[in-house]
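Engineer: Starting from these lines, generate the structure:
(chains A and B)
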Number of protein chains: 2
Amino acid sequence: MMRELIAVTARPGIISFAGGLPAPELLPVEAWAECTARVLADDGPRALQYGPPFPPLQAQIADLMRRRGADVAPEQVFITSGCQQGLHIAGRLLMDPDSAVVLDRYVFPGVRQAFTGFARDAREVPSDVAGGLDLDAVAAAATRRPAPRAIAVVPDFHNPLGVSLGEAARDRLIDLSRDTGVPLVEDDPYGWLQFEGEPARPLVARDPDRVIYLGSFSKTVAPALRAGWLVAPPHLFDKLRVIKESVDLETSALIQRTLSAFLAAGHLDAHLSRVRATYHTRRDRMVDLIARHFPAGTRWSAPRGGMFVWAELPEGIDTLALLPTAIEAGVAYIPGAAFASTGGHHAMRLNFSNASPEAMETGLATLGHVLHTGLDRPPG
Amino acid sequence: MMRELIAVTARPGIISFAGGLPAPELLPVEAWAECTARVLADDGPRALQYGPPFPPLQAQIADLMRRRGADVAPEQVFITSGCQQGLHIAGRLLMDPDSAVVLDRYVFPGVRQAFTGFARDAREVPSDVAGGLDLDAVAAAATRRPAPRAIAVVPDFHNPLGVSLGEAARDRLIDLSRDTGVPLVEDDPYGWLQFEGEPARPLVARDPDRVIYLGSFSKTVAPALRAGWLVAPPHLFDKLRVIKESVDLETSALIQRTLSAFLAAGHLDAHLSRVRATYHTRRDRMVDLIARHFPAGTRWSAPRGGMFVWAELPEGIDTLALLPTAIEAGVAYIPGAAFASTGGHHAMRLNFSNASPEAMETGLATLGHVLHTGLDRPPG
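Structural biologist: Numbers count the residues shown, from 1 in each chain, chains lettered A, B, ... in the order given. Reported below is the predicted structural model:
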């Protein structure tokens, strides 16, 4: 459903807050061209041949993980073709058709697909923009029989909610995993995009034996690389390799080598500085415009990183029902219902990374107007 | 097992006939560098952003299919991250844990994995280097209850056997699919590498409603692109898109656009001419050296395309048991048993695309010597 929505909202003339696209004007086009040219000149045919995980890239990713506080050996870095593939591989590793998984009530559909493609029993835990994930409910779901095979969480800049888990919540999740034996799957595509506040250490930094961590270069370098990684306990690697071989054999040697050159040249830090500063400004402007234009009673997240604001509208506004009106008026968003198996009808996800300041100004004013018309309708 | 073997045989000093690697000196390094630079200069951020299937590439692949006699619309071209992903997606589309599949007895392990990951019941059909696939056995397996969900075949330059199906066999498979309602999965990574004889039309050209066709750019352009495609009846596309989204979201926009530029510039034809001529020479030399050095009673395929010769050694030679001796002597191959769930112990797969003439000369003489020692051993 989400991709279809995004396709509709990509029509010319629509101001779209629907996608999860990085700011296009920041994508490192020249640096990537330089690095590709250098790799093909230096490595020649090896860059176009079949190639296993590229050891220098594994070591560079281990360094990145250490900067987040996680002591990861290069051999524990498993290269994937993006975070979604990491989720899929983790799902295949952990689940079978009869097993259960613990998930947020609101979650990126790719996370749900990766696990519920295998699991009949998805135990959904309440989460909202004010309190984040309800950890008492996680504990209850994790201890119910049969034991679930995974607890899937997005600790930093949650998609769609924009919220992050605090230190105590992270420690409690680790304790819960230790007590129940249920592994944690930590989906972290956005953790590298923090622009405000003190970073919290990821779950994998707290107990690497209990966590499968998923990272991505889609939001930090470019989505078109289709490159990410997974960190897992060493005893799982034989199985992970068999699954990877069966799903797409391996991740592009050319992309792996070029990414390695990009990191070695120091482009990532320079790029992330620009991205974080831009997203910070856009987040500020978005929450300011929401405050100005949205109906009284609206609540929203003010994420300290990532790409998304979640807005909970007053009861009576149905964001799914209002979407055609909004598109007619020239503005688009993702209705909250797209992230939930039930509910979410009064909420919406708004992306701030991809919109220019002018588009944001016009688009959110228009959207505020549409929402006020929704409020005026008699309850349905 | 196969990838581990290939890793062992990649040790310096080993002459390896084990892999399935294209000739490295022919990989189009300069053309790819040119095309990447042009795409990044012309398309800018769009080449690094998220991107759906790239319509010009879909149209170019439809043109390629028409050259093989298949009338395919661009919208019927589904872009994959390589042929193995095509197999995986076809497996997920067609199979469930209780369903059956009809497979060659000897088959590339990736094909078996893609279907038996889902199917309990793999109905294996005899095939050998002399007669190819036993079609009476295919018919028997396809009509047994419960009806299988797929018949998976490699009509051109079969991996590992090197054999191809004739016109009559192809027509019979189509008739069988029509009579039984069982779809055909046509795995065709090698069909573009024919260097001798008249090409036969692929199955999908004979009846597009009954066939899921899998193509790849790994052997025709470069393995590191991780790009291929699938052709399927239009009514399957909604499901295919959902599966693709869940396994890796999409295939790299950068690779898709660069491939499109590579094809538009006419590089593919020039490249394939060189590849076919080189592989033809290497095939000739390999079968000549096998005839010269291998024990009397050995039978082998003389493939008219592709990358592999299959050699069936006299009874009493166990190619799996002999492999350590061969590696000790400095030469490697894949034992036939790696392609079969049972049997294959007297056979081996030899790759001719990756070996220089000198390596082939030395390696096959050495291997012949090792095989003679195997023959001298007392049975059992």
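Engineer: could you pull out the helices for chain A?
Structural biologist: With helices called from DSSP state H, chain A shows them at A:2-9, A:29-43, A:55-67, A:83-94, A:109-116, A:135-143, A:167-180, A:203-206, A:237-248, A:253-264, A:267-293, A:319-329, A:357-376.
Engineer: list the contacts for the closest residue to A:Thr143 other than its chain neighbours?
Structural biologist: Leaving aside its chain neighbours, A:Thr143 sits nearest to A:Thr180 (5.9 Å; criterion: Cβ to Cβ, 6 or more residues apart in numbering or on different chains). In this view, the C-beta of every residue, glycine as well, is placed from N, C-alpha and C. Applying Cβ atoms under 8 Å, 6 or more residues apart in numbering or on different chains to A:Thr180 gives the contacts A:142-143, A:147.
Engineer: sorry, back to before: what about the helices of chain A, which gets the closest to A:Gly305?
Structural biologist: A:Gly305 lies closest, by Cβ to Cβ, to one member of the helices of chain A: helix A:267-293, at 7.7 Å.
Engineer: List the buried residues of the closest one.
Structural biologist: For helix A:267-293, burial by neighbour count (16 or more other Cβ atoms under 10 Å in any protein chain shown) applies to A:267-268, A:271-272, A:275-276, A:278-280, A:282-283, A:285-287, A:289-290, A:293.
Engineer: related to what we said a few turns ago, out of the helices of chain A, the one nearest B:Cys83 is which?
Structural biologist: helix A:237-248 (9.4 Å).
Engineer: and the angle for that closest one with helix B:83-94?
Structural biologist: Angle, helix A:237-248 to helix B:83-94, by axes from the mean of the first three to the mean of the last three Cα atoms, to 10 degrees: 80 degrees.
Engineer: which residues are contacting helix A:237-248?
Structural biologist: Contacts to helix A:237-248, defined as Cβ under 8 Å, 6+ apart, come from residues A:75-76, A:78, A:80-81, A:85, A:88-89, A:92-93, A:230, A:232, A:250, B:3, B:81-82, B:84-85, B:88, B:110, B:113-114, B:117, B:226, B:247-248.
Engineer: Stretch A:298-308 now?
Structural biologist: A:20, A:22, A:129-130, A:156-164, A:190-191, A:193-197, A:219, A:276, A:279, A:283, A:287, A:290, A:294, A:309-314, A:349-354, A:371.
Engineer: where's that stretch relative to the chain centroid, distance-wise?
Structural biologist: 14 Å (Cα atoms, centre = their mean, to the nearest Å).
Engineer: hmm, who's touching stretch A:107-114?
Structural biologist: Contacts for stretch A:107-114 (Cβ under 8 Å, 6+ apart): A:1-2, A:84, A:87-88, A:90-91, A:103, A:122, A:152, A:154, A:159-160, A:187, A:338-339, A:341, B:242, B:245-246, B:249.
Engineer: oh, I was asking about stretch A:252-259
Structural biologist: The set of residues external to stretch A:252-259 that reach it, using Cβ under 8 Å, 6+ apart, is A:32, A:35-36, A:39-40, A:43, A:46-51, A:53-54, A:57, A:79, A:81, A:217, A:221, A:225-227, B:222-226, B:252, B:255.
Engineer: Stretch A:295-303: which residues count as buried?
Structural biologist: Neighbour-count burial for stretch A:295-303, counted by 16+ other Cβ under 10 Å, picks out A:298, A:300-301, A:303.
Engineer: Let me see the contact set for the nearest residue to A:Thr325 once chain neighbours are set aside.
Structural biologist: Of all residues not flanking A:Thr325 in the chain, A:Val370 sits nearest, at 5.5 Å (Cβ to Cβ, 6+ apart). By Cβ under 8 Å, 6+ apart, A:Val370 lies in contact with A:322, A:325-326, A:329, A:331.
Engineer: can you check A:Glu75 too?
Structural biologist: Contacts of A:Glu75 by Cβ under 8 Å, 6+ apart are A:58, A:234, A:237.
Engineer: Try it again at 10 Å.
Structural biologist: In this structure, A:Glu75 makes contact with A:53, A:55, A:58-59, A:62, A:234, A:237, judged by Cβ atoms under 10 Å, 6 or more residues apart in numbering or on different chains.
Engineer: do stretch A:43-59 and chain B meet?
Structural biologist: Yes: part of stretch A:43-59 sits near chain B under the criterion Cβ under 10 Å from any Cβ of the partner chain, namely A:43-52.
Engineer: mean confidence for that stretch?
Structural biologist: The pLDDT scores in stretch A:43-59 average 97.
Engineer: And for A:Gly191, nearest residue in space, chain neighbours not counted?
Structural biologist: A:Asp156 (3.8 Å).
Engineer: Could you count how many residues lie near the one you found?
Structural biologist: Neighbours of A:Asp156 under the rule other Cβ atoms under 10 Å in any protein chain shown: 26.
Engineer: so what's the residue positioned nearest the centre of chain A scoring on pLDDT?
Structural biologist: In chain A, the residue lying closest to the centroid (Cα atoms, centre = their mean) is A:Pro189, at 4.4 Å. Per-residue pLDDT puts A:Pro189 at 96.
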